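S.K.: One predicted model, sequence on top.
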Amino acid sequence: MENEVLEIIERVAETDEFREDLDMDLFEEGILDSMKAIMLIVELENAFDVSLPPSEMDREDWNTAHKIVQRIKEKQDEE
């Protein structure tokens, strides 16, 4: 599951540079912006059949690949 999340981030962000450091801030490094973040949410919802309402998407909770993987795990456990 983790690898699939990382592949989705890579596809949306069009780079794999974050893989060297899964705690890299994706927004500060310019890997994600607001448009790509929305695209990422849609891709993750479709891939993992989870609901990720934008109102629950605080940037600090989604600014690293590691945090994104953790959030998807949490959402899967809730469902």
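M.R.: It's in.

S.K.: Identify the residue nearest the geometric centre of the chain.
M.R.: Ile68 (4.2 Å; C-alpha atoms, centre = their mean).

S.K.: residues touching that one, list them.
M.R.: 5, 9, 40, 44, 62 (C-beta atoms under 8 Å, 6 or more residues apart in numbering). Using the backbone N, CA and C atoms, a C-beta is placed for each residue, glycine as well.

S.K.: What residue, apart from its backbone neighbours, is nearest the second one spatially?
M.R.: Pointing back at Ile9 there. Excluding the flanking residues, the one nearest Ile9 by C-beta to C-beta, 6 or more residues apart in numbering is Ala65, at 5.6 Å.

S.K.: For the one you found, report the pLDDT, please.
M.R.: On the pLDDT scale, Ala65 is placed at 97.

S.K.: Next one: it relative to Ser55, how far apart?
M.R.: Distance of Ala65 to Ser55, computed by C-beta to C-beta, to the nearest Å: 22 Å.

S.K.: Who has more neighbours out of those two?
M.R.: Ala65 (23 against 6; other C-beta atoms under 10 Å).
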